[in-house]
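1. My questions concern the predicted model and sequence given below.
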Amino acid sequence: MALQLGDIAPDFTQDSTEGPIHFHDWAGGSWVVLFSHPKDFTPVCTTELGAVAKLKPEFDKRGVKVIGLSVDGAGSHEQWAKDIAETQGTALNFPLIADHDRKVSDLYGMIHPNANDTLTVRSVFVIDPSKRVRLTLTYPASTGRNFDELLRVIDSLQLTDRFKVATPVNWKHGEDVIIVPSVTNEAAKALFPAGWTEVKPYLRTVKQPG
Ligand code: BEZ
């Protein structure tokens, strides 16, 4: 069965551009974004890896480690990394898993045989510090992902964990948030002493905490 939200992210050991990765040890107590690419030396992936390298300070700020994957060997990844540095104006600054035997791709269900029986689709897994899967995304090979959206979701997840708030449609950092339904008004008084707006008893908005 496909990995589902709340599942423990499977552990693995695999080669990477930074040597063998023992995934759970590598993740430590951090949040992780694990994302796959169909293949080395492909155009969309080249732009995505450059974009993620540029966003690395934003991931760092949120305590998130990023790790890419494609189904080629480490030697191929190293050659491709030179092209990424040359064309995207930034060098890779995070590991790229060399999933030559598709061990990790199979473990995480990154190969969708009815789309392509050898290459991975564009999967994303956001994994929290307790190793639970908190987001999955699957994009087609021909569509580059929006990594700003991924940062937005991570901000939302971290707010939920820290402050028991959810985020409304199209929420952006700094905008009002929603008190989660499991928090009673009595409990909310302690959590949000400055008060909140009750649009409906089930829709209570509050300034973004933190
Ligand atoms: C790419 O990764 O660039 C790509 C892969 C398959 C189809 C189109 C683009």
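-> Sure thing, it's come through. Numbering: from 1, shown residues only.

2. Check which helices and strands the lengthiest helix in the chain sits against.
-> In the chain, taking DSSP state H as the definition, the longest helix is helix 43-61. Other elements packing on helix 43-61 under the criterion 3 or more CB pairs under 8 Å, 6 or more residues apart in numbering; DSSP states H and E are strand 31-37, strand 64-70, helix 74-88, helix 147-163. Backbone N, C-alpha and C define where each C-beta goes, glycine included.

3. SS state for the residue of the chain most remote from its centre?
-> Here the centre of the chain is the reference, and by CA atoms, centre = their mean the most remote residue is residue 186, at 34.5 Å. Put simply, residue 186 is helix when judged by DSSP: H, G, I helix; E, B strand; the rest coil.

4. For the helices and strands packed on helix 43-61, please prepare a markdown table with the additional fields mean pLDDT, distance to residue 44 and mean neighbour count.
-> Shown next, in a markdown table, are the helices and strands packed on helix 43-61 (pLDDT from 0 to 100; distance: least, CB to CB, whole Å; neighbours: other CB atoms under 10 Å):
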| stretch | mean pLDDT | distance to residue 44 | mean neighbour count |
| --- | --- | --- | --- |
| strand 31-37 | 97 | 8 | 24 |
| strand 64-70 | 97 | 12 | 22 |
| helix 74-88 | 97 | 12 | 16 |
| helix 147-163 | 98 | 13 | 17 |
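
5. Ok, which of these comes nearest the ligand?
-> The ligand lies closest to strand 31-37 among those, at 6.4 Å (CB to the nearest ligand atom).

6. strands paired with the closest one, and their directions?
-> Strand pairing for strand 31-37, determined by DSSP bridges: strand 64-70 (parallel), strand 122-127 (antiparallel).

7. The ones you listed into CSV, with extra columns for distance to residue 36?
-> Shown next, in CSV, are these (distance: least, CB to CB, whole Å):
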stretch, distance to residue 36
strand 64-70, 5
strand 122-127, 5
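
8. right, and residue 38 touches residue 118 too?
-> No: using CB atoms under 8 Å, residue 38 is not in contact with residue 118, being 9.2 Å away.

9. and residue 28, how many neighbours does it have?
-> 9 (other CB atoms under 10 Å).

10. Work out for me the element residue 198 sits within.
-> Applying DSSP states H and E as the criterion places residue 198 in strand 197-200.
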